[in-house]
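J.: Everything below, folded, please.
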Amino acid sequence: MASIYWVAAGQIREQTDVRLELQSDLLINIAKTSGSLQALRNAIQTRNEEHDERAEPHFYVYALTTNTKLPFTKKLEAEYMSADARRIFGTVMFSDVLDIIDADIVVKRDAYARVIITRLQGGAQLLVAADMSEQNNLLLKLYNSMWLAVALMFLLAVLGGWLMGYGVLRRIDSIRQTAGEIINGDLSQRMVVTRRNDEFDRLSLVLNSMLQRIENLMKATREVTDNLAHDLRNPLNRLRNRLDTSRFQQLDTEHFQQLRQDALQDVDDLIKTFNALLSIAQAESGVHRDDWTAIQLDQLISDLGELYEAVAEEEGIKFSYKAQPGLVLQANKHLIAQVITNLLDNAVKYTPKEGAIQLNAEQQADQIVITVSDTGPGIPAEERDRVFKRFVRLDNARSTPGNGLGLSLVKAVADLHGAQVELADNQPGLKVILRFTI
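T.: Numbering: from 1, shown residues only. All right, here's what the predicted structure looks like:
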């Protein structure tokens, strides 16, 4: 606003100075044409009298002085000089101008005048003064308008700031209220997300994702607790009943050994269940992330293949394995071996006699793919997502030993390594595909 006022004032002064120079040039041309200062004095007198006849304040005032009188330049301080060194400009009160020229002219004595003084030959000086009342009134209006605009902008800024603050506080209060309900136990609550896609919406989306994750973990924890209590109840009851019964029986060496063997089997099943849960928890928490090394996958597949070849032969199952030479996987060797072992255990467990199991590892584009396939009963398509949950066992698997944690561990290890797990139909049987990005 200050720069606008400064530019406007400078432009008005510049235009006024141009007009004053034109007025001076007209009078000087009269003197040059006639060749005497008397013609110039007559022209000045005529112009002044014309204004007097109109009975209105003069806009322009003209005067001429010679060496016999006090020069104007000793009364007026020059503001600046024009390109013509004989001319100077200044701004004074009209009353000072009248005192200098000693003339009775009707002007606005309390108004400012813009003055140009031109030095003529022979020591004479020509003065032309212009009334700046209208220009100053215009600048005053501009000045007042500026302050009005500043005040309006200030009020709008205060109002806008209050509205923004109110909106921010309302959004924060909404988040606080939702967080309070979540703290009180309602994990189904979510932060409000609008269509504005502002910072609060992006924060709400992140918080909602976190809340969804927490709710899923809480549900999973409850399911694990319930399933764990259900699955551990049977072996613990069997163990207690055996021990309780043994108190009232006279057991010979053979029956005592059988009782001890059955008790140890129940304890081993409990230990396996807890070890599996611990392995899943460690994989999900990333405990083994610092133990990654470069695994010679073809060598690992060969070692596990030789081991399970003998196991499959005892069960009357055909077993084959193949690994592309030179495969190197950056991973935790213990966990990868445990995953393949779990998949092979399941394959041997559910594949009938005369069936077939295949273990393959190869590189496809930018992925290393490990595949375990069998010719067992398979898993229905609608159940393939559910079997990765802990303690989930399908109806056709309840008659076989197990705790329903094998595929959960596979999924946890795959997630730790950023791999994908796919369950596909082997027609007949199941095909488990692990895809590791190189």
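
J.: isn't there a strand covering Phe319?
T.: Yes - with DSSP: H, G, I helix; E, B strand; the rest coil as the criterion, Phe319 is assigned to a strand.

J.: so it makes contact with Ala312?
T.: Yes - the pair Phe319 / Ala312 is scored as a contact, 3.6 Å apart, by Cβ atoms under 8 Å. (Each C-beta comes from the backbone N, C-alpha and C, glycine too.)

J.: hey, what's in contact with both of these two?
T.: Any residue near both Phe319 and Ala312 by Cβ atoms under 8 Å, 6 or more residues apart in numbering counts here, and that gives Ile357.

J.: how far does the top helix by length along the chain sit from the chain's center?
T.: The helix that spans the most residues within the chain, counting by DSSP state H, is helix 133-183. For helix 133-183, the gap between its own C-alpha mean and the chain's C-alpha mean amounts to 26 Å (Cα atoms, centre = their mean, to the nearest Å).

J.: residue boundaries of the helices in the chain?
T.: Along the chain, the segments classed as helices by DSSP H run 2-34, 37-53, 94-101, 133-183, 199-246, 253-285, 297-314, 333-350, 406-416.

J.: Can you tell me how far the nearest residue to Asp131 once chain neighbours are set aside is from Phe319?
T.: Setting aside the residues directly before and after it, Asp131 is nearest to Phe59 in space (Cβ to Cβ, 6 or more residues apart in numbering), at 4.8 Å. Taken as Cβ to Cβ, to the nearest Å, the spacing of Phe59 relative to Phe319 amounts to 116 Å.

J.: What residues does Ser204 make contact with?
T.: Ser204 makes contact with Ile175, Arg190, Met191, Val192, Val193 under the criterion Cβ under 8 Å, 6+ apart.

J.: Could you check how many residues crowd around the third one?
T.: By that I understand Met191. The local packing of Met191 (other Cβ atoms under 10 Å) involves 20 other residues.

J.: Renumber starting at 46 from here on
T.: Let's use 46 as the start, then, which means that last one is Met236.

J.: Quick check, pLDDT for it.
T.: According to the predicted model, the pLDDT of Met236 comes to 86.

J.: low pLDDT regions in the stretch 346-483 of the chain?
T.: In the prediction, the stretch 346-483 of the chain carries residues with pLDDT under 70 at positions 435-436, 438-449.

J.: ok, 90 please
T.: Low-confidence regions of the stretch 346-483 of the chain, defined here as pLDDT under 90, cover residues 348-360, 371-372, 374-384, 386-388, 390-392, 394-399, 409-411, 421-467, 469-474, 482-483.
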